[in-house]
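Novice: just to be clear, the model below is a prediction. Sequence and coordinates:
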Amino acid sequence: MARTERTRADVIAGRGPEKARYKVEAVSRAMLVLEALRLGPAELTVDALASRTGISMAAVEATLLTLEGRGLVQRGTGDPPAFRLGLGWLRLADVKRRQLDIREVALPVMRRMRDAVDETVSLSVRMGTNRVNIEYAESDHEVRRIVQRGFHVALHVGAGGRSLMSGLEDEEIEIYLAPVALSQIQKSKVIAAVQATRRDGHAIVEGEIASDTAAISAPVRNHVGEVVAAVTISLPQGRFTTAMRARCIREIMAGAGEISKSMGYDPARVV
């Protein structure tokens, strides 16, 4: 009896196994909800999240309320409201940026690339349906492409996005594009551009993020061959001559390969 009473006291005080199990289950529910939002489409209702995760609607609503309070999800204006990943992830991305080995590995290579072509070089990663810049080496040109850490844009926009999407399966790309406000012709062009990036090992985009900017990007892979980042050279279109294009292709392919090798990637070992 005494042991039972102590256990109840521990539970009331938040020390018992029931309390610990509740906390673990709450974290597990949050991770399932966030993973469902990460996989897309961009926005999901409570009913859709409950269906995808197998969690009750009441538990999903409680989880979303907590995540919303932390800025990790955002509520839409529809009825019923749909939820999407919130910008609070950018704060976590900045913390992760400081911890990422890839940044430390990539920056010396990016600086050498910058020096070789005297243009801005950036490193970006995928965060949900966005591409987020985590590092850069800026050109010394008076007129140059300015890149900021934490800058984010939709995954399908720009050369860096094409590189990151080249690591996705076709089905994943279709799921990502399904809710995006593009015509079917535009979506087909995105898919074709991603397929070309897989084939060529790099992507070239002109005038997409800024009308006077050109960019060339290549994917960075980890030890198991997964695309974990994109390295990109960006510059004013006026300097993107035929000769500069060829130089940038050489540098971006060599640089992405060097960073990938430092991350443990060996194409001969990856099936």
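Specialist: Nice, thanks for sending it over. Values in this document were obtained by computation on a predicted structure and should not be read as measured data.

Novice: could you pull out the strands for the stretch 101-250 of the chain?
Specialist: Taking DSSP state E, counting those that start in this stretch, the strands of the stretch 101-250 of the chain run over residues 120-127, 130-137, 152-154, 203-206, 213-221, 227-236.

Novice: sheet-wise, list the partners of the shortest one with their directions.
Specialist: It stands for strand 152-154. If you go by DSSP bridges, strand 152-154 pairs up with strand 130-137 (antiparallel).

Novice: what is the burial count for Ser188?
Specialist: 12 (other Cβ atoms under 10 Å). Every C-beta, even on glycine, is put in place using the N, C-alpha and C of the backbone.

Novice: pull the number of nearby residues for Ser234.
Specialist: Quick note: Ser234 (other Cβ under 10 Å) scores 27 neighbours.

Novice: surely it is in contact with Glu119?
Specialist: Yes: Ser234 is within contact range of Glu119, at 6.9 Å (criterion: Cβ atoms under 8 Å).

Novice: could the strands of the stretch 101-250 of the chain go into TSV alongside distance to Ile191 and mean pLDDT?
Specialist: Formatted as TSV, the strands of the stretch 101-250 of the chain follow (distance: least, Cβ to Cβ, whole Å; pLDDT from 0 to 100):
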stretch	distance to Ile191	mean pLDDT
strand 120-127	17	94
strand 130-137	17	91
strand 152-154	15	86
strand 203-206	13	94
strand 213-221	16	95
strand 227-236	16	95
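
Novice: export those to JSON lines and tack on distance to Glu68?
Specialist: Below are the strands of the stretch 101-250 of the chain laid out as JSON lines (distance: least, Cβ to Cβ, whole Å):
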{"stretch": "strand 120-127", "distance to Glu68": "18"}
{"stretch": "strand 130-137", "distance to Glu68": "18"}
{"stretch": "strand 152-154", "distance to Glu68": "19"}
{"stretch": "strand 203-206", "distance to Glu68": "34"}
{"stretch": "strand 213-221", "distance to Glu68": "33"}
{"stretch": "strand 227-236", "distance to Glu68": "29"}
